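Peer 1: A predicted structure for the sequence below; I have some questions about it.
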Amino acid sequence: MAHDVSEEFAVLLGGLVKSKAAVIVEGKKDKAALEKIGVSSRMFVLSRKPLFAVAEEVAANYMAVAILTDLDEEGKKLYGKLSTSLQRLGVKIDDGLRNFLFKNTRLRQIEGITALFK
């Protein structure tokens, strides 16, 4: 990974850690991986909860959210549905880190995010 890319990653990650945004992930492994790199609080795991219930819970407690579903077909579908629901409920979507991962890395599963630190 080029220096400026890893620097940009660090800035985006730091911004997410410092922000008051919630973070939505697909599963426990994704949550564990993010915790390892410093994103610890405010995390919502989708596992078996209806998407509308997650969206309502996030909207009731947060003004902004980073949706870090996987970057595969299923993750993109989940992202689309969550993004639409949350925006309808007045929550701002923080896409910085997700867009960066998509454009600048080969990462497609959030649980593999720790590999970007090697």
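Peer 2: Arrived safely. Numbering: from 1, shown residues only.
Peer 1: For the closest residue in space to Ser85 that isn't next to it in sequence, the count of nearby residues, please.
Peer 2: Once flanking residues are discounted, Ser85 sits nearest to Ala55: 3.9 Å by CB to CB, 6 or more residues apart in numbering. Any C-beta I mention is one placed from the backbone N, CA and C, and that applies to glycine too. A count of neighbours around Ala55, defined by other CB atoms under 10 Å, yields 24.
Peer 1: Mind pulling up the pLDDT for the most centrally placed residue in the chain?
Peer 2: Closest to where the C-alpha atoms of the chain average out (CA atoms, centre = their mean) is Leu68, at 2.3 Å. Leu68 carries a pLDDT score of 95 in this model.
Peer 1: related to what we said a few turns ago, which residues are contacting the strand or helix carrying the residue nearest to Ser85?
Peer 2: Following DSSP states H and E, the helix or strand that holds Ala55 is helix 51-61. With CB atoms under 8 Å, 6 or more residues apart in numbering as the test, helix 51-61 has contacts from 22, 24, 44, 46, 65, 78, 81-82, 85-86, 89-91.
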